[in-house]
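With the sequence up front, the predicted model follows.
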Amino acid sequence: MIEPREHRQRQIAEVLARYGLNYLANAVGLERLVSRERALRGRKPREQHTPPEDLRRALEELGPTFIKLGQLLSTRADLLAPEYRTALAKLQDAAPAIPTDVVQEIVASELHTGTSDAVASFHAEPLACASIGQAHLATLVDGTEVVVKVRRPNVVEVMDQDLEIIQNFAARASRRSKAAARYDLDGLADEFVQTLRAQLDYLQEARNAERFAANFAGDSSVQIPRVFWDLTTSRVITLERIRGMKVTDISALDEAGLDRHDLAQRAAQIVAKMVFEDGFFHADPHPGNFFIEPSGRVGIVDFGMVGTLDDALREQLSRLLIGFLRQDPDRLADALLALGTSTEPVERARLREDLAGLLERYFGLSIGEISLRAAVGEVLVIVRRHGLRLPRDLALLLTVLLVAEGLVAQLDPQFQFAEALAPYARRQLLAQLTPAAIRQRVGHFGADLAELAVDFPGRLDRLLKSVESGGLEVRLRADELESLLTRAERIGNRIAVAVFAAATIDGLAGLAVERRRRRRKSLAQQLGPEFGVAALVARRRRRRR
């Protein structure tokens, strides 16, 4: 049963206060819902913990939605310091098992058949229990082993209430705190809601699995589980079972006689292909989602959380890599400014200075000598210092790369992960210089220029009329020129846009004055000399008398 909204908000306030997180309760407007005395009376005896650990424990107590929120925040290296990300990464997404009869009832209602009709055998003992659903082993009538994942009853309704509360919290915090507004907390809350709702839909997870299967169709060293669509709905998903050893079970891998250096190389190649070739990557690469078969083939499972990189994002990512490899702080600063967003102006000179200091520390090192974790970590410290927020998918990607580097390091401590990614990055950069890519960019340039040329005269005429109706005062609204300046920014650089905007404003003022002068002159000519200056002087003299 879903609790009333006010009761749920009071519960959240008390949990935050109990773990010493009153500042969070105050930031989101919950300070009136719980008194200090009531919070202390309900305080559970516990050991002293660090603030990050207190936050983790509070989120665990608040339940599935807040556990998912913490897990997603643990992937946002552009927002949180390492100690908070480390603590939130420990959040346990576990829940009590759904009774077997309830599971079978859900399967029967979703698939319009009982489990006995759909499968030859169904294991009552769950394989895993999580906050959104739980998984069961089963065998189809043709002998295929599958995993059936069932969504928990009422979990959507319960989470929807929490998600709405979180969005309201973000809106309040943005009004109360400059820091919250600077990081666009409203936008972050919306991103989280969209991500979690996608995980609640097993049809979306099934589509993700099929997309990965298509991307790796020509690679026999990777296994993606088959989706059984006849046994899949938004509440139930049935996937082929993947067997194998966990990627971190080193002793089992050694007993199987597998070359761990080759496995590390293969894992790096899989990640590089997802990122640089496909632009579609697994965003939850923890060890439990990767299995190694005795043959060495890598099996991948759990596709509820994914990331995508479009051409524009990959291009800016490439520019970032170029800036780092060429030790060019100006290019690096421009790439970060293009990638990141901020509600306040960013001082480019200070950003460039910080990046120059970073590059000095890596001067003379080959790419194989650079720790990706260390380099990315230092860049993200600078990103946070300047209030930049990276796109969600790029932030996810950086976390994926760091986790992947840790996984391959367990397989082979001597493996140079950054060096393994370099050839893919270079191919991505060179792909932008092919004749076809250049033709495409020139085509986009021409289209932008043509749109600007067609739209600008009409916008200019409307603005001139607006200026004339308001007298000699030039009043320009940002939204009048926003779309035009956006296209101009794609055509040139920011300096060109600034010059363009300044020239436009100056030209508008000059044209308005000139048009007004001509209209007055024309009116005087039409009315005759009796309406001229001499007549005006005579009228004033008569009034004085």
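Yes, it's here.

hey, let's count contacts and neighbours off CA atoms from now on
Fine.

ok, Leu200 touching Val156?
Yes - counting by Cα atoms under 8 Å, Leu200 does reach Val156; the two are 7.1 Å apart.

lowest average confidence, helix or strand, in this protein?
Within the chain, no helix or strand scores below helix 478-491, which has a mean of 45 by mean pLDDT, DSSP states H and E.

more neighbours, Leu200 and Val156?
A count of neighbours by other Cα atoms under 10 Å puts Leu200 above the other of Leu200 and Val156, at 20 against 15.

Do you know the pLDDT at that one?
Per-residue pLDDT puts Leu200 at 90.

ok, now Gly299?
95.

for the one 5 residues further on, same thing?
Gly304 is assigned a pLDDT of 89 by the prediction.

try Val537
pLDDT, read off for Val537, is 47.

Packing partners of the one helix or strand Tyr84 maps to?
According to DSSP states H and E, Tyr84 maps onto helix 82-88. The criterion is 3 or more Cα pairs under 8 Å, 6 or more residues apart in numbering; DSSP states H and E, and the helices and strands that helix 82-88 contacts are helix 51-62, helix 64-73.

list the buried ones in that helix?
Buried residues in helix 82-88, defined by neighbour count with 16 or more other Cα atoms under 10 Å: Pro82, Tyr84, Arg85, Thr86, Ala87, Leu88.

Repeat that for stretch 148-159.
Val148, Lys149, Val150, Arg151, Arg152, Val155, Met159.

Would you map the strands across the protein?
Along the chain, counting by DSSP state E, strands occupy 119-122, 128-129, 133-140, 145-151, 222-223, 236-240, 245-246, 280-282, 290-292, 298-300, 306-308.

Of the ones you listed, which shows the lowest average pLDDT?
strand 119-122 (a mean of 85).

Listing request: residues of the protein with sub-threshold pLDDT.
Applying pLDDT under 70 to the chain picks out residues 1-3, 34-48, 113-118, 343, 367-368, 425, 428-545.

which residues sit against stretch 198-206?
By Cα atoms under 8 Å, 6 or more residues apart in numbering, the surrounding residues in contact with stretch 198-206 are 132, 151, 156, 227, 232-237, 302-305.

And those residues, which of them are buried?
Buried among the contacts of stretch 198-206 (16+ other Cα under 10 Å): Ile132, Arg151, Val227, Thr232, Thr233, Arg235, Val236, Ile237, Asp302, Phe303, Gly304, Met305.

if I look at the first one, how far off is Pro153?
So the one you mean is Ile132. 9 Å (Cα to Cα, to the nearest Å).

What of the fourth one?
To Pro153, Thr232 is 16 Å away according to Cα to Cα.

Could you do the fifth one as well?
Using Cα to Cα, one gets 14 Å for the distance from Thr233 to Pro153.

Leu62 and Arg175, how far apart?
24 Å.

out of those two, which sits in the busier spot?
Between Leu62 and Arg175, counted using other Cα under 10 Å, Leu62 has the larger neighbour count: 16 against 13.

wait, doesn't the more buried one sit right on Glu14?
No - with contacts counted by Cα under 8 Å, Leu62 stays clear of Glu14, the gap being 10.2 Å.

Pop the domain breakdown of the protein in here.
5-93+174-186, 94-173+187-241, 242-433, 436-529 (automatic domain parsing).

want to try JSON lines for the buried ones among the contacts of stretch 198-206, with distance to Arg348 as columns?
Below are the buried ones among the contacts of stretch 198-206 laid out as JSON lines (distance: Cα to Cα, whole Å):
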{"residue": "Ile132", "distance to Arg348": "44"}
{"residue": "Arg151", "distance to Arg348": "48"}
{"residue": "Val227", "distance to Arg348": "49"}
{"residue": "Thr232", "distance to Arg348": "51"}
{"residue": "Thr233", "distance to Arg348": "50"}
{"residue": "Arg235", "distance to Arg348": "49"}
{"residue": "Val236", "distance to Arg348": "50"}
{"residue": "Ile237", "distance to Arg348": "49"}
{"residue": "Asp302", "distance to Arg348": "41"}
{"residue": "Phe303", "distance to Arg348": "39"}
{"residue": "Gly304", "distance to Arg348": "38"}
{"residue": "Met305", "distance to Arg348": "34"}
